[in-house]
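**Student:** just need the structure, nothing else, for what follows:
(2 chains)
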Amino acid sequence: MIVAADVMPVLINTVSVLVGLCIAVGAMLVIASKVFKVETNPLVDEVASLLPGANCGGCGFAGCAACAEAIVLKGAPINSCPVGGFDVAKLIGAVLGQEAVESEPAYPFVRCQGGNVNCTTLYDYEGVEGCKAALMICDSRKGCTYGCVGLGTCVRACQFGALSMGENGFPVVNKAFCTGCGNCIAACPNGVLTFARDSEKVHVLCRSHDKGKDVKAVCEVGCIGCKKCEKECPAGAIKVGEFLAEIDQEKCTACGACVAICPQKAIELR
Amino acid sequence: MADASIFAVLMDGIFLKNFLVVQFLGLCSFVGVTKDVKSASGMSGAVIFVITMSAFVSYFLYTYILLPLRLEYLTTIAFIIVIAALVQLVEFIVRKFMPPLYRSLGIYLPLISTNCAVLGAVLLNVMNEYDFIQSVTFGIAAGLGYTVAMLIMASIRERSNVLYVPKAVGRGVTYAFFIALIMSMSFANYFKVIPL
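**Tutor:** Predicted structure coming up:
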């Protein structure tokens, strides 16, 4: 039979041990939290809470927290975040007392239209999925070593689901989902993707620096460096160097003369 | 059991009774933090520290406070308080001195306090009636065993990012479970075939 006199000492011991333990542990933690205190700038936390939090790295910093730190402490521009764009820049500007300036968004642009139809395919590739892996084995599975390999490395690099592999074997950008973070551009081993703004109307859809004859052998729509566009352009915006036409977007007036003259249909007017 | 040599205790903790792949304790972080070797090793370091310190503190707590007062039934709750406090301490230290590691460990760092590997180690110390040296050794061994399993797992998963994996096996967590299965079988059976 349990007598109250037996229970009481156990009860007192229990309570005193647990209370004593908790006080000891609590005191230790209080001291530790003082010793290991991390000083943070409250503005950094505030800016970080405004950023999208996707940690995509599109700003060039290691995630959103690092971007917030750079904006507040190291003077990075308040529109550093390409994903948040103007809206986020305005909010951050309000916190830091700076005026946000609207910048036109830039989207990735596929500078190749070879694909399965226009460009020859040398062999079937069944290894590790991805353009980089394929290029490690051989120059390219395509006839053209400059163009899109078509194995979708950029599609998998996109965190926002804005890229998909088109029917013709090169990626298609869905601007509704694209945030302009640039991960796909960094992922492409051939540099087929570049940034392009909507105001930039005329683009050369080829990356090949091969001679005209070599280009024609593998691709029906590649730039052969014939210089017809360079002579035709009234604004002098096109330069052909190393058998590839380059358009100076600042001089281009989007007149469309080059598009009409190009024998390979390698220039596009959007 | 109490007169087991230190070497035997060490081997017990690291291989024979490996907490992750033989006793299946603390599996949360085994799948959660093994995506890359860097955070796996950071996590393992934190766990080694916490288990060793817990073994250290819990031995004194048990032998000099709970046992003389005949409060053995408080073992679990008292140990949990000690472990939780130690984890909090580790969190302070990691946040102060290794902010990138702190961010990559995320929720798994505070979750060490609910990690049954830690509680399992200190409770096994009590159950096996280990003395002080054996307790601390078993604590270190448990942490090392955790590290071994975590590093193997993380290495395999990191390496397999660039390898062909059949679609049926899948990627991510499904794949991790397959690796865990094979690792568990090899750990559990290796020392039966080749006795230590």
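**Student:** give the rounded mean pLDDT of the longest helix along chain B.
**Tutor:** What stands out as the longest helix in chain B, according to DSSP state H, is helix B:132-159. The pLDDT scores in helix B:132-159 average 92.
**Student:** tell me what the next helix-or-strand element following it is packed against?
**Tutor:** Sequence-wise, the next helix or strand downstream of helix B:132-159 (DSSP states H and E) is helix B:173-193. Helix B:173-193 sits against helix B:27-32, helix B:132-159, with contacts defined as 3 or more Cβ pairs under 8 Å, 6 or more residues apart in numbering or on different chains; DSSP states H and E. From N, CA and C alone the C-beta is placed, and that goes for glycine too.
**Student:** can you redo those as TSV with mean neighbour count and distance to B:Ile182?
**Tutor:** Output for these, formatted as TSV (neighbours: other Cβ atoms under 10 Å in any protein chain shown; distance: least, Cβ to Cβ, whole Å):
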stretch	mean neighbour count	distance to B:Ile182
helix B:27-32	20	14
helix B:132-159	22	9
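**Student:** closest to chain A out of the ones you listed?
**Tutor:** Across these, chain A has its closest neighbour in helix B:132-159 (12.5 Å, Cβ to the nearest Cβ).
**Student:** any residue of that closest one up close to chain A?
**Tutor:** No: using Cβ under 8 Å from any Cβ of the partner chain, helix B:132-159 stays clear of chain A, coming no nearer than 12.5 Å.
**Student:** can you give me the offset of the helix or strand containing A:Asp87 from its chain's centre?
**Tutor:** Assigned by DSSP H and E, A:Asp87 belongs to helix A:85-96. In terms of Cα atoms, centre = their mean, to the nearest Å, the centre of helix A:85-96 is found 21 Å from the chain centre.
**Student:** and if you look at stretch A:198-209?
**Tutor:** Distance of stretch A:198-209 from the chain centroid (Cα atoms, centre = their mean) equals 19 Å.
**Student:** please apply the same query to stretch A:140-158.
**Tutor:** Offset of stretch A:140-158 from its chain centre (Cα atoms, centre = their mean): 16 Å.
**Student:** what is the neighbour count of the residue nearest to A:Gly84 when sequence neighbours are not counted?
**Tutor:** Residue nearest to A:Gly84 in three dimensions, not counting chain neighbours: A:Pro52, with 5.4 Å by Cβ to Cβ, 6 or more residues apart in numbering or on different chains. Look at A:Pro52: counted by other Cβ atoms under 10 Å in any protein chain shown, it has 16 neighbours.
**Student:** measure A:Pro52 to A:Pro108 for me?
**Tutor:** 18 Å (Cβ to Cβ, to the nearest Å).
**Student:** just the element for the residue in the stretch 151-270 of chain A positioned nearest to chain B, please.
**Tutor:** Residue nearest to chain B within the stretch 151-270 of chain A (Cβ to the nearest Cβ): A:Arg156, separated by 11.4 Å. Assigned by DSSP H and E, A:Arg156 belongs to helix A:153-157.
**Student:** hmm, who's touching the helix or strand following that helix?
**Tutor:** Later in the chain than helix A:153-157, the nearest helix or strand by DSSP H and E is strand A:163-165. For strand A:163-165, contacts defined as Cβ atoms under 8 Å, 6 or more residues apart in numbering or on different chains pick out A:108, A:150, A:152, A:154-155, A:157, A:171-174, A:178, A:184.
**Student:** tell me which two in those residues are the farthest apart.
**Tutor:** A:Gly150 and A:Cys178 (19.7 Å; Cβ to Cβ).
**Student:** of these two, who's got more company?
**Tutor:** A direct count of neighbours by other Cβ under 10 Å for A:Gly150 and A:Cys178 places A:Gly150 higher, at 25 against 20.
**Student:** touching, the more buried one and A:Ser140? I think so.
**Tutor:** No: between A:Gly150 and A:Ser140 there is no contact under Cβ atoms under 8 Å: 9.6 Å.
**Student:** quick check: phi and psi at residue 170.
**Tutor:** Went with chain A since none was named. Main-chain dihedrals, A:Phe170, degrees, to the nearest 10: phi -130, psi 160.
**Student:** not quite, go with chain B.
**Tutor:** The phi/psi pair for B:Gly170 (degrees, to the nearest 10) is phi 80, psi -180.
**Student:** ok, how many other residues are close to it?
**Tutor:** Residues lying near B:Gly170 (other Cβ under 10 Å) number 13.
**Student:** same check on A:Cys59?
**Tutor:** A:Cys59 has 24 neighbours, counted by other Cβ under 10 Å.
**Student:** same question, B:Ser44
**Tutor:** Look at B:Ser44: counted by other Cβ under 10 Å, it has 23 neighbours.
**Student:** please name the nearest non-neighbouring residue to it.
**Tutor:** That would be B:Thr147: by Cβ to Cβ, 6+ apart, it lies 3.8 Å from B:Ser44.
**Student:** give the contact list for that neighbour.
**Tutor:** Residues in contact with B:Thr147 (Cβ under 8 Å, 6+ apart) are B:41, B:44-45, B:47-48.
**Student:** chain A: which of those is nearest?
**Tutor:** The closest of the contacts of B:Thr147 to chain A turns out to be B:Gly45 (Cβ to the nearest Cβ; 16.5 Å).
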